[in-house]
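> Dropping a prediction and its sequence here:
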Amino acid sequence: MRNLLYRGKRFDNGAWLTGDSFVKNIDGSIYLMNKEENALTLVRKDTFGEFTGCTDRNDIMIFEGDIDEDGFTVSYCNGRNDCYGMNVGWYLQRDDWESWRELDCDVEIVGNIFDGVK
């Protein structure tokens, strides 16, 4: 069984925060459990993403929204979003939404859609 982890950029200072639980309010705001402060911390909802359960070649955790060395973005297909007819799971996709491949852990993460490429 994999650990559920989430990340998002703190609303107050823009730093990345990782937590194992979150609360989504009726207004859409998202709070991650910040274990260092033992409190729920507001994160920017446009940066919120889930850990895939994989680490890349450099042992970096791969999250939703990360970008690999080929320019593909990590996305989750739940059968209800823009991936009808595909298996539920993690994928790498191009910006054009036409090029998809299943996520394997044999990739190198070079950035994310929020901060850009390193």
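Everything's here; your move.

> Next, the buried residues of the lowest-mean-pLDDT helix or strand in the chain.
Per-element confidence for the chain was summarised using mean pLDDT, DSSP states H and E. The lowest value among helices and strands belongs to strand 100-102, with a mean of 77. Within strand 100-102, the residues scored as buried using 16 or more other C-beta atoms under 10 Å are W100. All C-beta atoms are positioned from the backbone trio N, CA, C, and that covers glycine.

> So what are the sheet partners of the helix or strand following that strand and their directions?
Proceeding N to C from strand 100-102, the next assigned helix or strand is strand 109-112, under DSSP states H and E. Strands flanking strand 109-112 in the sheet, each with its direction: strand 66-68 (antiparallel), strand 116-117 (antiparallel) (DSSP bridges).

> Can I get strand 109-112 in CSV? Just the C-alpha atoms.
C-alpha atoms of strand 109-112 as CSV (Å, rounded to 0.1, in the frame of the first residue of the first chain):
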residue,chain,number,x,y,z
ILE,A,109,11.9,15.0,-13.3
VAL,A,110,13.3,18.4,-14.5
GLY,A,111,10.6,20.8,-13.1
ASN,A,112,6.9,21.3,-12.8
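
> Would you mind pulling the contact partners of it?
Judged by C-beta atoms under 8 Å, 6 or more residues apart in numbering, the contacts made with strand 109-112 from elsewhere in the structure are 56, 58, 60, 62-63, 65-69, 117-118.

> nearest to Q93, of the strands paired with strand 109-112?
Nearest to Q93 among these is strand 66-68 (10.4 Å), distances taken as C-beta to C-beta.

> so what does whichever helix or strand comes after that closest one touch, helix or strand wise?
Stepping forward along the backbone from strand 66-68, the first helix or strand reached (DSSP H and E) is strand 73-77. Strand 73-77 is packed against strand 66-68, strand 89-93, with contacts defined by 3 or more C-beta pairs under 8 Å, 6 or more residues apart in numbering; DSSP states H and E.
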